[in-house]
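Whatever this is, show me its structure:
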Amino acid sequence: MGKPTGFLEYEKELPGRRPVELRVLDWNEVYQPFEEEKIKSQGARCMDCGIPFCHSGCPLGNLIPDWNDLVYRNRWEEAIDRLHETNNFPEFTGRLCPAPCEGSCVLGINSDSVTIKQIEVSIIDRAFEEGWVTPQLRDFQTGKKVAVVGSGPAGLAAADQLNRVGHTVTVFERDDRIGGLLRYGIPEFKMEKKVLDRRLDLMAEEGVIFKTGVHVGVDVTAQNLREEFDAVLLAGGARAARDLPMPGRELKGTYFAMEYLPLQNKLCEGDTIPEEEQINVNGKDVVIIGGGDTGADCLGTAHRQGAASIRQLEILPRPPEDRDETANPWPTYPNIYRSSAAHEEGGERNYSISTKRFVGENGVLKKLDVVDVEMKRGENGRMSFEEIPGTEREIKADFVFLAMGFLGSERTGMLEELGVNLTDRGNVARDKNWMTNVPGVFVAGDMQRGQSLIVWAIAEGRSCARGVDLYLMGESDLPAPID
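This is a model prediction of the structure:
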């Protein structure tokens, strides 16, 4: 490494966030610019640790120590080449990934981990600014055609890989714009959509064909795709949201998170949405059920819409401040209490609390009945939650957003028509080469894995692309980070 003592000389540092009172007035990303010299010093903190566990912590197998050192040495153009070797979209992961690599950083055993995620996004953003990221035009074609269904990170990664080895790739998206959850699930304040658009423009220049407003299984049959294309890759995600079926669920004012977030993203895109179709919480009391990232996305969105009050409810206990070295030892991802930029902006977080019913008047939501719970773990390891007597109470709520995760893929339509096998958990089953039981039909991302991280989706898209290429050509030189 260029600075063997860097981890002793520099402390971990991150870019500052824009002042809360200013950033809640717009939809721009929350982070301020990070000075180049600070980024270089953060790169110098990467240790010559012998066995870089960050490699195994990252599903993509990113060559993290290599590009950390290149940044420290001011060799930025080489750094982006090294970064792109394993990651098609570092501008996405550098903003949205929870950085399991940092959780497995050797320095993190007894100190603050290396600032891997920030260095990653700094490399790719500078590369775009300097003009180092340019279309890689293929000079050959295999004559094979591949259909990719779904334009989230898994589908885009697979399409990018397959296009580069000469296949003609068409990506089908049922929404009106390409991007999947990157487009309509992630708020602008976490990733401005110009970041997504510049990568999509690049892919289009390189030859990837994008078709929007095409719902496979509705607008076009899956059989049509099988007849027109040499291979079909399913990357439709896990969009079946977890519901909360209980008295009052039908009341107006209760929505899934993925009914709420896309509408605001469309408004940010400049779309015109009739006022009666919008979900605007200005001046209202909001409750978000679910303590994860999607719940935090709803929280930040509600802040910017001007909610009067916001509570985020989680049935699980509050995570510990520090890693439990017995139950959650290094280098596993640390299960600790975290606060996002949205939490910094306000709102109340309640743990170990369960909703009993939605209560309203004249068909309109007014409040929730809730109760505190205690988590119990049975002999079989399954969790259960017991109500604590005497803790029942009411919470005012004009709007409730359900952000409790997803149960798997939507099974009606395309999956039923294809007749693909499902796993016990309801995901699409695959073999070691990422092919379903239907010849020539492959699957990647949340559709086969279940709800997961963006970095896993990209890794699966890359790995599945190798399986498709192998099927079409009999051999493949494409890398596969996941077996």
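
Look up the closest residue to Asp230, ignoring the ones flanking it.
Spatially, and ignoring its direct neighbours in sequence, Asp230 is nearest to Lys144 (4.6 Å; Cβ to Cβ, 6 or more residues apart in numbering). All C-beta spots, glycine's among them, are computed from the backbone N, C-alpha and C.

Any figure for the gap between the one you found and Val20?
Taken as Cβ to Cβ, to the nearest Å, the spacing of Lys144 relative to Val20 amounts to 52 Å.

Could you check which of the two is surrounded by more residues?
For Lys144 versus Val20, neighbours defined as other Cβ atoms under 10 Å are more numerous around Lys144 (19 against 14).

Enumerate every residue touching the more buried one.
When contacts are counted by Cβ atoms under 8 Å, 6 or more residues apart in numbering, Lys144 touches 166-168, 230-231, 472-473.

What of Leu316?
Contacts were defined as Cβ under 8 Å, 6+ apart; by that measure Leu316 touches 291, 351-352, 375.

Filter those down to the buried ones.
Neighbour counting over these (16 or more other Cβ atoms under 10 Å) leaves 291, 351-352 as the buried ones.

Near Val455, how many other residues are there?
Other residues within reach of Val455 by the criterion other Cβ under 10 Å amount to 25.

Need the per-residue pLDDT for it.
For Val455, the pLDDT comes out at 97.

For Ala457, see how far away the closest residue to it other than its chain neighbours is.
The shortest distance from Val455 to any residue other than its chain neighbours is 4.7 Å, reached at Cys97 (Cβ to Cβ, 6+ apart). As defined by Cβ to Cβ, Cys97 lies at a distance of 10 Å from Ala457.

Can you pick out the residue with more neighbours from the two?
The neighbour count for Cys97 versus Ala457, taken as other Cβ under 10 Å, is higher for Ala457 (31 against 24).

Which strands and helices lie in contact with the lengthiest helix in the chain?
Assignment by DSSP state H gives helix 454-473 as the longest helix of the chain. For helix 454-473, the elements it packs on are helix 90-96, helix 153-164, strand 231-234, strand 441-443, helix 446-449, judged by 3 or more Cβ pairs under 8 Å, 6 or more residues apart in numbering; DSSP states H and E.

What's the first helix or strand after the longest one?
Spelled out, that is helix 153-164. Toward the C-terminal end, the helix or strand that comes next after helix 153-164 (DSSP states H and E) is strand 168-173.

Check the first one too.
If you walk from helix 90-96 toward the C-terminus, the next helix or strand you reach (DSSP H and E) is helix 100-103.

Looking at the chain, which residue reaches furthest from the middle?
Computed with Cα atoms, centre = their mean, the maximum C-alpha offset from the centroid of the chain is found at Gly390, amounting to 38.9 Å.

does it belong to a helix or a strand, and which?
Per DSSP H and E: nothing holds Gly390, as it lies in no helix or strand.

May I ask which helix or strand of this protein has the lowest mean pLDDT?
Taking mean pLDDT, DSSP states H and E as the measure, the helices and strands of the chain show their lowest mean at strand 406-408, namely a mean of 87.
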